[in-house]
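>>> The sequence and its predicted three-dimensional model are supplied below.
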Amino acid sequence: MDVTLRLEQIVLDIERTREPILIVAHQGIHRLLYAYFMGLPREEAPFVSIPLNTVIELRPHAYGCEEKRYVLLSKEEMLKDGQDEPITSMPMQEIADRANKRALSSQPSDIDPMNPPSF
């Protein structure tokens, strides 16, 4: 994907930075960055749930990232305001189930070591 190539330098800069960073971007960009830092396979990146009106805090540690979500506007408040959650922010159930299963298992993922995903 062309977007992943354009994000490569930004990801390198983010990894070098030791200070907190706030990234304001389109949901597609957030999906790619989230998938990269959470160690998800490239194929699952387009289906990662990135809800509107939510700040996702990722704190890196030795083997991944710790995640904390802050909801700024509840769905009820969002609907009262005339906003609606787009379909693209909701993951496909099959992809979500596969990601949850992988996260819960202690077995290594099905990533080909000779062709690892890159962002």
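Looks like it came in fine. Numbering: from 1, shown residues only.
>>> What are the boundaries of the helices in this structure?
Using DSSP state H, the helices of the chain run over 2-16, 27-38, 75-80, 93-104.
>>> So which of these is the most surrounded?
Mean neighbours per residue, mean count of other CB atoms under 10 Å, is largest over these for helix 27-38, with a mean of 19. C-betas here are computed from N, CA, C, even on glycine.
>>> Could you check the angle it makes with helix 2-16?
50 degrees (axes from the mean of the first three to the mean of the last three CA atoms, to 10 degrees).
>>> What is helix 27-38 packed up against?
Applying 3 or more CB pairs under 8 Å, 6 or more residues apart in numbering; DSSP states H and E, we find helix 27-38 packed against helix 2-16, strand 54-61, strand 64-71.
>>> Send over the longest one as PDB, restricted to the C-alpha atoms.
When you say that, I think you mean helix 2-16. What follows is the C-alpha trace of helix 2-16 in PDB, where atoms were taken according to Å, rounded to 0.1, in the frame of the first residue of the first chain:
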ATOM      1  CA  ASP A   2       1.200   3.500  -0.900                       C
ATOM      2  CA  VAL A   3       0.000   4.900   2.400                       C
ATOM      3  CA  THR A   4       2.200   2.500   4.400                       C
ATOM      4  CA  LEU A   5       5.300   3.600   2.400                       C
ATOM      5  CA  ARG A   6       4.500   7.200   3.100                       C
ATOM      6  CA  LEU A   7       4.100   6.500   6.900                       C
ATOM      7  CA  GLU A   8       7.500   4.700   7.200                       C
ATOM      8  CA  GLN A   9       9.500   7.800   8.000                       C
ATOM      9  CA  ILE A  10       6.900   9.000  10.400                       C
ATOM     10  CA  VAL A  11       6.900   5.700  12.300                       C
ATOM     11  CA  LEU A  12      10.700   5.800  12.600                       C
ATOM     12  CA  ASP A  13      10.400   9.400  14.000                       C
ATOM     13  CA  ILE A  14       7.700   8.200  16.500                       C
ATOM     14  CA  GLU A  15       9.800   5.300  17.600                       C
ATOM     15  CA  ARG A  16      12.800   7.600  18.300                       C
END
